[in-house]
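[1] Take a look and give me a structure for this.
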Amino acid sequence: MNTANQKIKVLVVDDSAFMRKVISDMLSNDEDIVVVGTAKNGKDGIEKAQLLKPQIITLDVEMPVMDGITALEQLLKLDPAPKVIMLSSLTNNGGEATIRALEAGAIDFVPKPTSSIIHFKIDDIRQDLIQKIKSAATSNTLCLTNYCAAPIKSKTQSTERIPLQSNVKFIIAIGTSTGGPRALQEVIPFLPADIPAAVLIVQHMPPGFTKSLAMRLDGLSEINVKEAEDGDILKPGWAYLAPGDFHMSVSKTSADYQIALNQEKPMTGHRPSVNYTMNSVADCGHKRLIAVMMTGMGSDGSIGISRIKTGGGKTIAQNEATCVVYGMPKAAVTAGAIDKIVPLNEIAKEIIKFTGV
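    Prediction:
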């Protein structure tokens with residue numbers, strides 16, 4: 001058992017007294033975590049953070065006096081800066097706010113229960129939150145300050161680019177988790193409009209948030225980005241993001257390649273699973289495959305990307321220095337499944353080089 005000095009110090013910031021109590025109790029029951037205090041809004045949270053110097057802050061997005069995103073920006077200016085995990089409601093506004101928070105430097109998020117107190121099940125978020133706190137405690141957040149701002153493209157949400165090619169010459173599969181929403185902004189917006197490839201993205205996220213992420217990436221990118229739908233036909237210049245809580249696979253149908261979604265049991269503890277998608281890509285019969293493993297905890301994807309490499313596909317991994325968590329890329333590298341290990345800002349260049357654009 002860790003001593004008090006060795007435990008991960010957490011500050012809980014939430015405008016609901018009930019949620020402050022619930023979160024504090026669930027965290028205090030873990031032998032590696034100590035809750036050093038609670039705060040009722042963003043302003044209170046900043047003052048408590050300066051006084052208590054927590055390593056991790058759980059921060060509600062929607063609060064009076066000062067909301068979570070405004071507080072986040074100020075918290076990250078502290079020295080030392082705490083690592084922040086957002087608690088986000090499962091609403092459209094909550095999804096958009098969560099993506100903004102991750103862009104601003106939050107390391108991760110956990111969906112905030114919206115059911116009544118009577119039906120509230122603490123186990124719905126306990127395991128997820130504790131795992132993310134422990135992962136955050138050892139994560140590399142220095143890399144977050146090195147991100148370049150993704151270029152804002154001229155494409156509007158209502159404009160769909162008509163691809164110059166009619167066939168998909170390459171299928172690109174990308175897997176990511178912790179740190180992924182922000183890292184994807186260093187890759188997808190830098191792919192050219194005329195790339196002769198369809199991109200499949202698996203980002204570990206619960207339902208209700210992937211649509212907001214897809215819309216954000218679409219607004220930043222020359223290619224079109226959407227949350228995948230069952231039956232989508234792959235088109236060049238398009239990226240398809242697996243919806244939260246759904247596996248995504250691709251298979252050949254006559255002259256096309258088609259996406260299928262399902263809710264089969266989780267694979268490697270995840271749904272969507274990177275392994276699930278990459279296994280299907282390896283089996284779909286397409287001869288020109290590219291697979292990319294990016295920041296994230298765990299080892300999801302190492303089996304699928306190994307199969308893509310064995311089948312002759314090109315494989316890329318994000319290097320340790322630019323990963324928030326070097327779990328998934330490390331597992332793929334250890335498995336001998338990677339051709340090129342590059343910094344985050346060079347992944348798009350490698351993809352472009354492989355596709356010959």
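
[2] pretty sure Pro207 contacts Pro243?
    Yes - taking contacts as C-beta atoms under 8 Å, Pro207 lies within contact range of Pro243: 6.7 Å. Yep, even glycine has a C-beta here, placed from its N, CA and C like the rest.

[3] the strands in the stretch 51-200 of the chain, which residues?
    Listed in chain order, the strands of the stretch 51-200 of the chain (DSSP state E, counting those that start in this stretch) span 56-60, 83-89, 108-112, 170-176, 197-203.

[4] mind listing what the last one pairs with, with the direction of each?
    The strands that strand 197-203 pairs with in its sheet are strand 170-176 (parallel), strand 238-241 (parallel) (by DSSP bridges).

[5] Also the third one?
    For strand 108-112, the pairing partners within the sheet under DSSP bridges are strand 83-89 (parallel).

[6] longest helix in this structure, by residue count?
    Looking across the chain with DSSP state H, the single longest helix is helix 123-137.

[7] Could I get the average pLDDT for it?
    Confidence for helix 123-137, expressed as mean pLDDT, is 88.

[8] Could you list the buried residues of that helix?
    Neighbour-count burial for helix 123-137, counted by 16 or more other C-beta atoms under 10 Å, picks out 125-126, 129-130, 132-137.

[9] Could you pull up the residues touching the spatially closest residue to Val61 that is not a sequence neighbour?
    Sequence neighbours aside, Gly68 is the residue nearest to Val61 in space, at 4.2 Å (criterion: C-beta to C-beta, 6 or more residues apart in numbering). The contact partners of Gly68, taken as C-beta atoms under 8 Å, 6 or more residues apart in numbering, are 13, 42, 59-62, 86, 97, 101.

[10] how about these, which pair is most distant?
    Val13 and Ala97 (14.8 Å; C-beta to C-beta).

[11] more neighbours, the two?
    Ranked by neighbour count (other C-beta atoms under 10 Å), Val13 and Ala97 place Val13 first, with 32 against 21.

[12] Thought Ile46 was touching the more buried one, still the case?
    No - contact criterion C-beta under 8 Å: Val13 and Ile46 do not qualify, at 9.0 Å.

[13] overlap in contacts of these two?
    Ala71.

[14] Convert stretch 255-272 to PDB, retaining C-alpha atoms only.
    Only the C-alpha atoms of stretch 255-272 are listed here, as PDB (Å, rounded to 0.1, in the frame of the first residue of the first chain):
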ATOM      1  CA  ALA A 255     -16.400  -3.200 -56.900                       C
ATOM      2  CA  ASP A 256     -16.600  -1.300 -53.600                       C
ATOM      3  CA  TYR A 257     -15.400  -1.500 -50.000                       C
ATOM      4  CA  GLN A 258     -18.200  -1.100 -47.400                       C
ATOM      5  CA  ILE A 259     -18.200  -0.200 -43.700                       C
ATOM      6  CA  ALA A 260     -20.200  -2.400 -41.200                       C
ATOM      7  CA  LEU A 261     -20.900  -1.400 -37.600                       C
ATOM      8  CA  ASN A 262     -21.900  -3.900 -34.800                       C
ATOM      9  CA  GLN A 263     -22.000  -4.200 -31.100                       C
ATOM     10  CA  GLU A 264     -20.300  -7.500 -30.700                       C
ATOM     11  CA  LYS A 265     -18.400  -8.000 -27.400                       C
ATOM     12  CA  PRO A 266     -15.500  -5.700 -26.700                       C
ATOM     13  CA  MET A 267     -12.100  -6.700 -28.000                       C
ATOM     14  CA  THR A 268      -9.000  -6.000 -26.000                       C
ATOM     15  CA  GLY A 269     -11.400  -4.300 -23.500                       C
ATOM     16  CA  HIS A 270     -12.700  -1.800 -26.100                       C
ATOM     17  CA  ARG A 271     -15.600  -1.100 -28.400                       C
ATOM     18  CA  PRO A 272     -14.700   0.300 -30.800                       C
END
